[in-house]
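Engineer: A structural model of the following input is requested.
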Amino acid sequence: MTLRSSAGFALALVAVAASPASADRLLLVPDTLADKVWAFSAVDGSLVSDNYIPNDGVMRQVRSIAQLPNGNLVMAEPGTSLGCSTIDGVLEYSRCGTFLRRIAGQADGVCDAQQVWVVGDSVWFTRSDDVLNSDGGANAIWRMALDGTGLTEVARPASFRRIWGFAPVAGGFIVANGASTITTTLDFVSTDGQTVGVWHDPEATISGVRFAQQVSPMPGGGVVVATFSGDYGLYFFDANGNPAAGMPFYYKPLGPTLAGISPRGVYPLENGNILYAGGTVVGVVNPLMQEEVVIVNSVSATGAARGSFHWITPIDTDLGCRADLDCSGTVDGADLGLLLGGWGVPGPADLNADGVVDGTDLGALLGAWANCGA
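Structural biologist: Below you'll find the predicted structure:
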């Protein structure tokens, strides 16, 4: 990997996980106001469940989620405020949303965890501290084995001023580096932490990227970046850190009031559109047509916020056995009761992810009866 120019590195995206059948994938979005997790279709962004993982008293400000090969979930938890606290760290949940353990935390030097990915045989995550980085600064990329052992700080260069989301690419990651009051760059960091450099510099290109939040890989190469400040919106880059060809470089989400939404989360859908999450809104954007559909507007009739959405994560719901709704290891009467209890509405029992629990899902559950390799 060599530096091509001040604008960036050349790269190719790496597969984060296999792409299962569409009905077996969901996109999870943490709601940090209600401390729960919503689920959306990975195909078209439609709402599957507004309570996929309910508030359990453990999640406090979960920023992002990733999935382990066994189906369990790891969550990056930065706590309720900037700075280190005992609730910060990386959490592990069962695939049914039950808290299992805190894998890494304050005692390990891990605070303000932001983005988490499972790539290869490791869990990778960023630590974003409110102390601006210097040679001794706290902003860093960490990794550990899938079982939580071998926690290692991979990279903590002085150039990390304040880091947030990052996306896996060949040989490393593209990292969002900066904040609302700090010049933002998109940096490349190799997996061994030895190669660090600016991949995209908005000061050099006048691209408008400020306070970048989530960075997500795009199919076929490049990344899409959600930016929260300045010319806030979605930015599309090719593999070299330049504006992506064949589509607009920038899209400003308008939201339900057309006043504009500052996005925090972004992820490409299987139908070619883009799902974004920001504040009280989750929406779908067609960047080519410059069109937008609001999926969720979590605002009460009085204008009070009822949700605060963050970064978007793909998961495979068919790991183990999808019809085993209570994670007991078998499909039985308890699972049937959960399905019937959610009849006619979106929810975890929507086994074919078509947006409603109905007879098709009942047939799928009965077809898997007592035959679950969880």
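
Engineer: where does the stretch 101-250 of the chain dip in pLDDT?
Structural biologist: Within the stretch 101-250 of the chain, the stretches with pLDDT under 70 are 131-137, 206.

Engineer: for it, which segments count as strands?
Structural biologist: Using DSSP state E, counting those that start in this stretch, the strands of the stretch 101-250 of the chain run over residues 113-119, 122-127, 140-145, 152-155, 163-169, 172-179, 182-190, 196-200, 212-217, 223-227, 233-237, 250-251.

Engineer: adding mean neighbour count, write the ones you listed out as TSV.
Structural biologist: C-beta coordinates here come from the backbone N, C-alpha and C atoms, glycine included. Output for the strands of the stretch 101-250 of the chain, formatted as TSV (neighbours: other C-beta atoms under 10 Å):
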stretch	mean neighbour count
strand 113-119	23
strand 122-127	24
strand 140-145	20
strand 152-155	17
strand 163-169	26
strand 172-179	26
strand 182-190	22
strand 196-200	22
strand 212-217	26
strand 223-227	28
strand 233-237	24
strand 250-251	18
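
Engineer: out of the ones you listed, nearest to Val296?
Structural biologist: strand 223-227 (16.1 Å; C-beta to C-beta).

Engineer: what strands line up against that closest one, and which way round?
Structural biologist: Here strand 223-227 is paired, per DSSP bridges, with strand 212-217 (antiparallel), strand 233-237 (antiparallel).

Engineer: tell me how far the longest one lies from the chain's centre.
Structural biologist: Going back to what we said before, that points to strand 212-217. In terms of C-alpha atoms, centre = their mean, to the nearest Å, the centre of strand 212-217 is found 8 Å from the chain centre.

Engineer: out of the strands of the stretch 101-250 of the chain, flag the one nearest Glu270.
Structural biologist: Glu270 lies closest, by C-beta to C-beta, to one member of the strands of the stretch 101-250 of the chain: strand 212-217, at 13.5 Å.

Engineer: can you name the residues in contact with the closest one?
Structural biologist: Residues from elsewhere that reach strand 212-217 (C-beta atoms under 8 Å, 6 or more residues apart in numbering): 13, 16, 64, 115, 164-169, 174-178, 184, 186, 223-228, 263-268, 311-312.

Engineer: and Leu325, how many residues sit next to it?
Structural biologist: 23 (other C-beta atoms under 10 Å).

Engineer: distance check, it against Pro314.
Structural biologist: Leu325 sits at a distance of 20 Å from Pro314 (criterion: C-beta to C-beta, to the nearest Å).

Engineer: can you check Gly220 too?
Structural biologist: Distance, Gly220 to Pro314, by C-beta to C-beta: 16 Å.

Engineer: ok, now Val357?
Structural biologist: Val357 is 22 Å from Pro314, by C-beta to C-beta.

Engineer: neighbour count winner among these two?
Structural biologist: Val357 (25 against 20).
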